[in-house]
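Trainee: Below: sequence and its predicted model.
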Amino acid sequence: MKPIGVLCLQGDFREHLLTFKALGIPTVRVRKEEGLIGIGGLVIPGGESTVIDKLSKIFGLRDSIIKLISQGLPTFGTCAGLILLAEKLVDGTQTQQTFGGLNVVVQRNAFGSQLDSFEEDVDFVGIDTPVHAAFIRAPIVTEIGADVSVVAKLEDGRIVGVQQGNILGISFHPEVTGETAVHRYFADMCKSANF
């Protein structure tokens, strides 16, 4: 299996690296364009979406990431990563841009501030048991395109996980709760894609 790249500009990339390590899945830290060479998938971690956007431009990664996503590179975004994969934001800053790829509309910080963070078990299509997830200043998906599948919802119907082809985006952080099933699911996506 080709290594999975983890975008290591800002956010909780260390937790993603540790989760893949626990699963025995090889990873590469992506900080420069060279880190994108030869990877079989890419993880965009949670953090500050506006900061990751700015740093991707400063480090010359933005255009290459967009190109790889458009070519079918399996890509997995958690929290801020979901925001960065959305084609449209309802409440982005004036200068904020996304990588795109997911035909969805996302609302940032939909659950409130850090103080409103919570953990919950979420049913996930394709995973047999509920996923224990942390929601930390999490976004939600407010609209989906016809080619997007909903893979996770809260009990109240709010969409917190979507998949479109080789792109997976979730509102929550399985990597901070000791949960490995979603990372295994993404690794299987990478193997199937054989990018």
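Mentor: Sure thing, it's come through.

Trainee: Bridging across strands, which residues link to the most centrally placed residue in the chain?
Mentor: For the chain, the residue nearest the mean C-alpha position is residue 77 (0.7 Å; Cα atoms, centre = their mean). Counting by DSSP bridges, residue 77 is bridged to residue 44, residue 169.

Trainee: What are the neighbouring residues in contact with it?
Mentor: For residue 77, the contact set (Cβ atoms under 8 Å, 6 or more residues apart in numbering) comprises 43-44, 83-85, 102, 167-170. Using the backbone N, CA and C atoms, a C-beta is placed for each residue, glycine as well.

Trainee: got those as TSV, with neighbour count columns?
Mentor: Converted to TSV, the contacts of residue 77 look like this (neighbours: other Cβ atoms under 10 Å):
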residue	neighbour count
43	27
44	31
83	31
84	30
85	24
102	30
167	25
168	27
169	29
170	28
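
Trainee: Mind picking the one among the residues you listed that's closest to residue 11?
Mentor: When the contacts of residue 77 are compared for distance to residue 11 (Cβ to Cβ), residue 44 wins out at 8.5 Å.

Trainee: helices and strands around the longest helix seen in the chain, which ones?
Mentor: Looking across the chain with DSSP state H, the single longest helix is helix 181-193. Judged by 3 or more Cβ pairs under 8 Å, 6 or more residues apart in numbering; DSSP states H and E, helix 181-193 is in contact with strand 4-7, helix 13-22, strand 41-44, strand 167-170.

Trainee: Please name the strands paired to the first one in the sheet, noting orientation.
Mentor: Just to be clear, that refers to strand 4-7. strand 27-30 (parallel), strand 41-44 (parallel).

Trainee: Pull it out as PDB, backbone CA atoms only.
Mentor: Provided in PDB are the C-alpha atoms of strand 4-7 (Å, rounded to 0.1, in the frame of the first residue of the first chain):
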ATOM      1  CA  ILE A   4      -1.200   8.100   3.100                       C
ATOM      2  CA  GLY A   5      -0.100  11.800   3.300                       C
ATOM      3  CA  VAL A   6      -1.200  13.800   6.300                       C
ATOM      4  CA  LEU A   7      -1.200  17.600   5.700                       C
END
